Each structure stands twice: as C-alpha cells, then as structure tokens.
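Visitor: generate a structure from the sequence data that follows.
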Amino acid sequence: MKYTLYIGNKRYSSWSMRPWVVLKALNIPFEEKLQFFKPSLRQPDFLAFSPSGKVPCLHDSSTSIVVWDSLAMCEYIAEANPTAWPAEAAARAFARCASAEMHSGFSAIRDECSMNVGLRIELGTPSEALQRDIDRFNTLFKEGLGKFGGPWLAGKEFTIVDAMFAPIASRCKTYGIVLDGEAREYVERLFEYPAVQEWVRDGIRETQREPFHEDDCLRGRKVLEDLTE
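Guide: Numbers count the residues shown, from 1 in each chain. Take a look at the predicted model:
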C-alpha cells in the first residue's frame, strides 16, 4: 500500500482527522497506524516515524517521502489527486485561503473547546474570543456557500477545505455551538458526511482515555451526555 498515515486517538485528534478524511473522501487506500496519546504532546517514541515527534504523519512508500504537517499532507495528496481541490480557479483560491486560515487561526475554539467526539458538554456563555471565532465561521461558511453554490464550502464536491473544518463540525456537536442559517446547515451536513461519521464512530468506540485531554474538555463544565456509556 502506497500511503501509511500515523494518527492520534480519534477521540481527541483534530489534526489527524483532516488528512484521514481527505484520503477516505477520495477513496484512496492507506494503512492507518493509531498512536495513543500520552501526557506529553511531543513523545520520544513518535520520533521513530515523525520528524516533529507529533501526529499526524504521512509516509509514501512509493517515493520514501515523509510529510509531517496536516495541511502539507493534504497538498501532497492533491498533487497526485487534483480533485482534492476545486477545479475552478476562484473556488480553489477560496478553498486554499479558508484551509490556511483554519490551519493557523481560530485559537479560541482550539483552546476553549478541545475536541472530544464522545461527549456532549454544556458550554455556557462563550468568551469574547470564542464568540469572535463563531462569528467568523458564520461569515466564512456563508461566503463560500453563497459564492460557489454549495452544498460544500467551495462548490458541488467535497474537497480539502471541507475536511479542514470537519473537526469544527465535531466541536459544534460536542459543545452545542449552533451557527446561523446556511452556516448551521453546512455544519450539520459536514458532520453527517460518511468519512466524518466513520471517524466519529471509531472515536466513540475507543476505550483508552488520556486524563489531560479529558480534563481539558471539561474545565468544570457539565457533561450532558457520554456517548460511550
């Protein structure tokens, strides 16, 4: 098999989810190697397969190339599979910008709403920073859907940009974040996409727990539902 993708726990690993969903969406065969998290985010044993000591990490056996950044993995996959990005230039430019914005931005939702596919948590009143992220999701999603006609963010086909926001759809479910109008409908559609649902189901079935990640999700907030019970 050409590709081997090293990923973290599906319960927590938003970064690993993105290239995994891209490969699944494109029906590209790959070997999955699950690496359970430990308290340290940079783990010495991960250096055996990842230059950064982190996941995800993609190995291409046909070229011996190793790619250790999630967005770079998506770009690498797209080089051999051009349909991973929209065909039309304006849509492709939008998709790349939105993907890069997700890759480098939205720090509040990353910090305050750590990913956990197995729980439903009462968020309470969002902080000002988190509300800014939510407002930006509303604006960005409506812009893409309006410009390119949907049902996906850059047009008719599911592409990398949708995979980049798949963990946001999961976080919206976990923390009860509801967007507006077309943006809300898009998040619902994204969460129900088969590759996204496959990841979520796998994550719910995981029995391993990492206390740091569990505590970071809760932060004293009320658990409304544990889907693993």
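Visitor: am I right that residue 191 sits in a strand?
Guide: No: assessed with DSSP: H, G, I helix; E, B strand; the rest coil, residue 191 is helix; it does not lie in a strand.
Visitor: distance of it from residue 44?
Guide: For residue 191, the distance to residue 44 equals 35 Å [CB to CB, to the nearest Å]. Every C-beta, even on glycine, is put in place using the N, C-alpha and C of the backbone.
Visitor: which one of these two is surrounded by more residues?
Guide: residue 191 (16 against 9; other CB atoms under 10 Å).
Visitor: mind listing what the more buried one touches?
Guide: Going by CB atoms under 8 Å, 6 or more residues apart in numbering, residue 191 touches 166, 169-170, 172-173, 197, 200.
Visitor: taking those residues together, which two end up most distant?
Guide: 172 and 197 (14.5 Å; CB to CB).
Visitor: so for these two, which residue has more residues nearby?
Guide: Taking neighbours as other CB under 10 Å, residue 172 and residue 197 compare with residue 172 leading, 22 against 11.
Visitor: the more buried one and residue 190 touch, don't they?
Guide: No: look at residue 172 against residue 190 with CB atoms under 8 Å: they stay out of range, at 9.2 Å.
Visitor: in which helix or strand does residue 50 reside?
Guide: Secondary structure from DSSP states H and E places residue 50 outside every helix and strand.
Visitor: ok, it - how many residues close by?
Guide: For residue 50, the count of nearby residues is 21 (other CB under 10 Å).
Visitor: mind giving me the domain split of the protein?
Guide: Residue ranges for the domains of the chain, per automatic domain parsing: 3-82, 84-201.
Visitor: buried ones in stretch 72-85, by neighbour count?
Guide: For stretch 72-85, a neighbour-count test (16 or more other CB atoms under 10 Å) marks 73-74, 76-78, 84-85 as buried.
Visitor: what's next to that stretch, contact-wise?
Guide: For stretch 72-85, contacts defined as CB under 8 Å, 6+ apart pick out 5, 18-19, 22-23, 26, 28, 56, 58, 60, 65, 67, 92, 95-96, 99, 157, 159-160, 163-164.
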